[in-house]
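Asker: Could you work out the structure for the sequence below:
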Amino acid sequence: AVGAGMIALPAETLTAGFVPSISGLSVCWLFTYVTSMLTLEASWLACTQNDEEESGENTGGGFLSLSKMALGVPGEVITASLFWFLLTAIVV
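Answerer: Numbers count the residues shown, from 1 in each chain. Down below sits the predicted model:
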């Protein structure tokens, strides 16, 4: 879903001028695109690796399993804590 803030960005950046507005919004779009593609690739690799192990347990390619694979158990705990903080902050 696209929020009101996202829809208002072109109107809010209008005072900076056309070229700076388009440049800034394009950089934000590129950052969002690149990070989503990296997340997709990491998730796909995690699912592929889980299928190759054939342990009978498919943990999927979620953020917690990705952080456990890359950073070990401490990384998984830190990621879970950050997700808890983020979701608690959204509620408040």
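Asker: what's downstream of the helix or strand hosting residue 48, the next helix or strand?
Answerer: Using DSSP states H and E, residue 48 sits in helix 18-53. Toward the C-terminus, helix 18-53 is succeeded by helix 63-91 as the next helix or strand (DSSP H and E).
Asker: For this protein, give me the ranges with low pLDDT.
Answerer: The model of the chain has pLDDT under 70 over residues 1-2, 50-60.
Asker: Let's see that with 80 instead.
Answerer: 1-6, 46-61, 92 (pLDDT under 80).
Asker: Run a quick neighbour tally on residue 47.
Answerer: Residues lying near residue 47 (other Cβ atoms under 10 Å) number 16. (Glycine included, C-beta is placed from N, CA and C.)
Asker: shouldn't it be in contact with residue 62?
Answerer: No: shown here, residue 47 and residue 62 do not form a contact pair, counting by Cβ atoms under 8 Å, at 9.9 Å.
Asker: buried residues in the helix holding residue 48?
Answerer: 21, 42-43, 46-47, 50 (16 or more other Cβ atoms under 10 Å).
Asker: Would you mind listing the two of those that lie farthest apart?
Answerer: Across the buried residues of helix 18-53, the longest distance by Cβ to Cβ is 43.7 Å; it joins 21 and 50.
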